[in-house]
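S.K.: Below is the structure, and that's it, no one-letter string:
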């Protein structure tokens, strides 16, 4: 009996010791060091939790041995996750920040991690979770959250991203003109505006900088910049999966997985997919159009070569296959043209009427298929080397863009423009080398070199073709010859634009701490651009005739054209900012900047005089301006 009792006591003591090792305690406070009452502390992945006391303390049995993750949350405060590797006698001290605090918001707008309150740049910064919780999965959705951002898109290629009303004119895109808003993902510049229509893939933070940023970023940006940072690979195994549903058959899946592949190598694989039924009904095709069909994959490898050298290799592929983008009739405004050239008179003469004049009916009757096939992807290698009190960074990247559209550019059931297609292929390479950090007790900043090469061409040919009703839309005289049967039917153009560009820049910005609160920030930029265009346009089809009057009508609609142009230019710009940080939460500053939009080339064809293209109009001069 005694032996039995001793055994029971020994087992009980052992269990108590083991159990005691799983008891964890701590204190939860806010940013003002006040105790957080009734905060929830949960062992992640287990139904084990407790609630903090009136003094912010907690103590409970986790029911499991480390390692494990504690999730701490309280109403009005930002939740936290803490990984516990071992339980000690020292209580945990956990600080929860208010949702409206800016003390712990860090950004990389100036190419180094800094507190947003210390940066004298007008900007908006959002963490990825904040963006995802609002359902904003691309720039079009994000613009509703960010002041001064405008986004217009009739399809992926014809997209304009503006900040403060500046950036790119909206309409048919001219591929030879650079956008005014820079779009960066993990330090890589995306040259094509179609990139702004893609779904975000595993975004950790999104920063929107307003105003010229040429002294901080490699590519010159006159209106501002989007700076997107994705989640990095982790040496701790993590995974996440998010599934969202909505009306119109909306479904979106996002997932990512990360973990170690060796002692110094870790990887991350992320996926996003979005589908939605069409929101406009096409009576002619008896189908819904303007649906969503997006897929995106991104992979990363992080190699920690040493305590001072990190190498990140990334690759991504995105694909869009929407049945779109159609537009509904919104209204007609009279023009200064003659009465016979007004829209209502034109469709009346063709015995046609619109299926609806109420845009909210969402009904169309277009007869040409809608297609917006876009493939976008690339690879990059980023090397960070810690030198002194800063980091030397090299970012090498290659990207591609393939575009395969089909549009009904008369937007009606008439056969005016039966084909409007501009299939394109684009490749870019870029190299940026910069140093960002602290130079002395009073000086910090960034200095860098940047190079970008681009090549864009038609994938086959850009095609525009007239149908049997085009004569009435193109008619600009009252001559009855316009109504000649078959004159413009099947008449069109094949265009072959080819663009090659090179851009190089030396840029930098210094932060001089005159005092603890007063800072002076001068910046400079030297930019070089070299651009070449080779353009050819060939007519085909239509009525074959020797009649000079009929030939003149055809040539007034479409004509052959061929030209080459080359331009290079050097531009200088800069900025100066004076900032005064009155308190930890108030930072005032004034900035004056000179900037320019780089020289461009016209890839949309040129006006003609006496049958010859006006080649002097092929070059779009740099646009200089001042901002303050």
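M.R.: Arrived safely, thanks for sending. Remember, predicted model here, so these are calculated numbers, not experimental data.

S.K.: my read: residue 467 touches residue 420, true?
M.R.: No - the criterion here is CB atoms under 8 Å, and residue 467 misses it with residue 420 at 11.0 Å. The C-beta positions use only the backbone N, C-alpha and C, and glycine is treated the same way.

S.K.: more crowded one of the two?
M.R.: residue 467 (21 against 18; other CB atoms under 10 Å).

S.K.: gap between the more buried one and residue 541?
M.R.: The spacing between residue 467 and residue 541, counted by CB to CB, to the nearest Å, is 11 Å.

S.K.: which neighbours do these two share?
M.R.: residue 490 (CB atoms under 8 Å, 6 or more residues apart in numbering).

S.K.: Overlap in contacts, residue 467 and residue 420.
M.R.: With contacts defined as CB under 8 Å, 6+ apart, no residue is shared by residue 467 and residue 420.

S.K.: Now do the helices in the stretch 351-500 of the chain.
M.R.: For the stretch 351-500 of the chain, applying DSSP state H, counting those that start in this stretch gives helices covering 470-474.

S.K.: Show me the shaky parts of it.
M.R.: For the stretch 351-500 of the chain, not a single residue meets the criterion pLDDT under 70.

S.K.: Okay, and the beta partners of residue 626?
M.R.: residue 594 (DSSP bridges).

S.K.: Equivalent analysis for residue 60, please.
M.R.: residue 24.

S.K.: wait, what's in contact with it?
M.R.: Counting by CB under 8 Å, 6+ apart, residue 60 touches 23, 24, 25, 41, 48, 49, 50.

S.K.: any idea of the pLDDT on it?
M.R.: On pLDDT, residue 60 comes in at 90.

S.K.: now do the one 10 residues further on
M.R.: Taken from the predicted model, the pLDDT recorded for residue 70 is 90.

S.K.: what about it, neighbour count?
M.R.: 20.

S.K.: ok, and it, which helix or strand is that part of?
M.R.: Using DSSP states H and E, residue 70 sits within strand 68-73.

S.K.: Tell me the buried residues in that strand?
M.R.: Buried residues in strand 68-73, counted by 16 or more other CB atoms under 10 Å: 68, 69, 70, 72.

S.K.: Quick check, the last one in contact with residue 44.
M.R.: Right, residue 72. No - applying CB under 8 Å as the test, residue 72 and residue 44 come out as separate, 10.5 Å apart.

S.K.: what is in contact with these two at once?
M.R.: residue 81.

S.K.: shaky segments in the chain?
M.R.: Residues of the chain that meet the criterion pLDDT under 70 lie in 1-21, 99-105, 171-172.

S.K.: I'd like the next helix or strand past the strand holding residue 70.
M.R.: Counting by DSSP H and E, the next helix or strand C-terminal to strand 68-73 is strand 80-84.

S.K.: what angle do that following strand and strand 68-73 make?
M.R.: Put simply, strand 80-84 runs at 160 degrees to strand 68-73, going by axes from the mean of the first three to the mean of the last three CA atoms, to 10 degrees.

S.K.: how about the helix or strand following strand 80-84: buried residues?
M.R.: With elements assigned by DSSP H and E, the helix or strand that comes after strand 80-84 is strand 92-96. Residues of strand 92-96 classed as buried by neighbour count (16+ other CB under 10 Å): 92, 94, 95, 96.

S.K.: so how far is residue 168 from residue 41?
M.R.: To residue 168, residue 41 is 50 Å away according to CB to CB.

S.K.: Settle it for me: which of those two has more neighbours?
M.R.: residue 41 (24 against 21).

S.K.: That one touches residue 50, doesn't it?
M.R.: Yes - Residue 41 lies in contact with residue 50 (CB under 8 Å); the separation is 5.2 Å.

S.K.: Now do the shared contacts for the two.
M.R.: In contact with both residue 41 and residue 50: 58, 60, using CB under 8 Å, 6+ apart.

S.K.: picking up where we left off before, would TSV of the buried residues of strand 68-73 with distance to residue 311 be doable?
M.R.: TSV is the format used below for the buried residues of strand 68-73 (distance: CB to CB, whole Å):
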residue	distance to residue 311
68	31
69	28
70	33
72	34
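
S.K.: what's the closest of the residues you listed to residue 30?
M.R.: residue 72 (11.7 Å; CB to CB).
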